[in-house]
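> here are the coordinates; sequence isn't available:
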């Protein structure tokens, strides 16, 4: 669709000149496997194992340390940093600012997942402080976005918030919207069972971080990660008997995913 | 069996007038799926992921934050609170009393899982303090009950302890006993593989909490949860090759469980 | 091969008089199942669940508490202690020395897993302090060994470091080397998918600890554990579709493993 329609609808195609997303996602996935990208993930207690396993399944190398004495060492040798605000205990509170500082000092991208900021006022305040540290991407759901932006989530408010903050937002839901205010990509892949496994969104944000280590374009990195997750989720749902068997099937699907499958299954809304 | 026999045997039927447990359990399970009950779970590091996944599989919405600054917000918007004393670190010690206070202030039921109080004197002391906070249900095993009650666990001592504390006790083992001292229900469902997956009892207590959010009767809520777990465990064991495949199969079974299966398989000892 | 060749090659056979490893491993596994050995595991956040599930699958009983007030109680009633330095937060820092002291006081063996000491200077310093507490076995990879020993890992440097410290080293990689400087055993079993599941090495170290509780010979205990892990990994890989299905298949394989299979599949390099 022509570029002048790009502010109008969630289901728009990317702007003219926007990347061929399945091809770009396949390329990033291939590089991730070859280059074994390190991601340092400060993430919540429900997400640590699944995040590590997801990164390993796609060829990345995770580290998870939270302690303020250590996060800088781990972050500076990683390709990207993930900061997820779930189960925000005192150790995480102390470690997060040092990790962000280390990522910025090393000019590595970092990605924010403001889990449940809509449920906890002190966490929302901390998330707003984190935003001043220039994350490449914020991945969140509609409730979290509304809390952060102070207004209901809609394609328009998401774009406006992304533009005002100078960051990319990856808003996940039945249809994912990825935007920096000027380029907007949408992904309709995924499956309901993804909402029945804990930390699925958190792990998706880790994949955003891994791709951000490889791409200078935050919107492309985030949209590629969400496309990969959504397609793998659909493949896993075809063999799963429920959420229990869905989780290992998703990791298997990520491990085996290739560009041909991405291209065949991508639904860019 | 007549009510006058109700103090006599573990294998007694419920008192006359006691609920049709499989029907009540099916009803609670259906409401849990429809109402998407929130459970705030302060639980141990081995149990957090499985607890969250179990709650999601049955339609609940888990949150897991431990930090004292945040537990009150999460607890007051949940339908029930779980307090599990495993891996009791300083953050959990600090968060637990505020969560209990928030549950009581919001008149939400809360459920205690005194993991390993038989192994750690300071934890036993803390569990006793927790008991003064009026949990709706305490779910424990024989060793933990003995430590709490200061006497060997038997059907009689369990009933006496429950009555003296004014709470319901759900004592799990080969046969589960649920009692508040006057009503006693027993459940013989379950499978040995349930003892070979970590946090199985902890996750069962989270289901007790979810049902307690929906039922004013703690004995009914707890017995329904243990019946659901036991039946799902038996279904999972029929397809599992060992404890590894048992865990996802159990989550799948919980996701698909219906009233007909509960009724057909229930063994109320 | 004759004993005089024992310093020469990674692929050497054990010294004359060395145990029949598959038979010894089978015996230890059988005793672990019968005696339900307790292992207290202070381990990292990515490893806690898998470690507990692995210990349960082989018949052990795990506990995972980290808090300094409680680790001594748990350690002294366990058969062995595992200290893993991953996700080394302040609670773990505070708990580890008390757990080591309790193990030594109770004359129980303890095993060290110096995760990522090559990535964090303060962790390396702490690992060196831990070494002075006389672990029975240190299980690590080549990068961690190089950091600890201050020299590249090779069969010669590993033996020299083990001898100088008076401990057994279990160096894992494509071929595992277990040595106390005089006896050296090598194991070539295993599968690449083991590197795609988080905490695989950490959980292997927990099995080393469980076997160390049963055997007075640290080299035998460690080599038996790595043989068991490697064989179970190969069996799991035959049915796995990727790393997701590999993990439960590995636990199932461990649960069902017997001496006949160990003997038939052992490749002692």
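Perfect, thanks for sending it. Note that this is a predicted model, so its numbers are computed, not measured. Numbers count the residues shown, from 1 in each chain, chains lettered A, B, ... in the order given.
> what's around the nearest residue to residue A:228 once chain neighbours are set aside, how many residues?
Nearest residue to residue A:228 in three dimensions, chain neighbours excluded: residue A:25, at 5.6 Å (CB to CB, 6 or more residues apart in numbering or on different chains). Using the backbone N, CA and C atoms, a C-beta is placed for each residue, glycine as well. For residue A:25, the count of nearby residues is 27 (other CB atoms under 10 Å in any protein chain shown).
> how near is residue A:25 to residue A:223?
8 Å (CB to CB, to the nearest Å).
> ok, now which ones touch residue A:167?
Taking CB atoms under 8 Å, 6 or more residues apart in numbering or on different chains, we find residue A:167 in contact with A:131, A:134, A:135, A:136, A:137, A:138, A:180, A:218.
> same thing with residue A:74?
A:40, A:63, A:65, A:99, C:116, C:119, C:120.
> let's see it at 7 Å
Residues near residue A:74 by CB atoms under 7 Å, 6 or more residues apart in numbering or on different chains: A:40, A:63, A:65, C:119, C:120.
> adding pLDDT, neighbour count and secondary structure, write those residues out as TSV.
Shown next, in TSV, are the contacts of residue A:74 (pLDDT from 0 to 100; neighbours: other CB atoms under 10 Å in any protein chain shown; DSSP: H, G, I helix; E, B strand; the rest coil):
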residue	pLDDT	neighbour count	secondary structure
A:40	98	31	strand
A:63	98	25	strand
A:65	97	30	coil
C:119	95	21	coil
C:120	94	25	coil
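> ok, those vs residue A:269, which is closest?
residue A:40 (31.9 Å; CB to CB).
> how close does that closest one sit to chain B?
In this view, residue A:40 and chain B are 20 Å apart by CB to the nearest CB, to the nearest Å.
> phi, psi of the closest residue to that residue other than its chain neighbours?
Leaving aside its chain neighbours, residue A:40 sits nearest to residue A:78 (4.1 Å; criterion: CB to CB, 6+ apart). With angles defined as degrees, to the nearest 10, residue A:78 shows backbone torsions of phi -90, psi 160.
> how close does residue A:78 sit to residue A:217?
Distance of residue A:78 to residue A:217, computed by CB to CB: 19 Å.
> ok, which stretches of chain A are helices?
For chain A, applying DSSP state H gives helices covering A:21-35, A:48-57, A:71-77, A:90-105, A:121-131, A:142-149, A:155-165, A:200-212, A:218-239, A:243-256, A:259-265.
> what mean pLDDT does the longest one have?
Taken as a whole, helix A:218-239 has a mean pLDDT of 98.
> elements contacting that helix?
Helix A:218-239 sits against helix A:21-35, strand A:137-140, strand A:168-171, strand A:176-179, strand A:184-187, helix A:200-212, helix A:243-256, helix A:259-265, with contacts defined as 3 or more CB pairs under 7 Å, 6 or more residues apart in numbering or on different chains; DSSP states H and E.
> JSON lines for those, including mean pLDDT?
As requested, those are exported to JSON lines (pLDDT from 0 to 100):
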{"stretch": "helix A:21-35", "mean pLDDT": "98"}
{"stretch": "strand A:137-140", "mean pLDDT": "98"}
{"stretch": "strand A:168-171", "mean pLDDT": "98"}
{"stretch": "strand A:176-179", "mean pLDDT": "98"}
{"stretch": "strand A:184-187", "mean pLDDT": "97"}
{"stretch": "helix A:200-212", "mean pLDDT": "98"}
{"stretch": "helix A:243-256", "mean pLDDT": "98"}
{"stretch": "helix A:259-265", "mean pLDDT": "98"}
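> and of the ones you listed, who's closest to residue B:151?
helix A:243-256 (38.9 Å).
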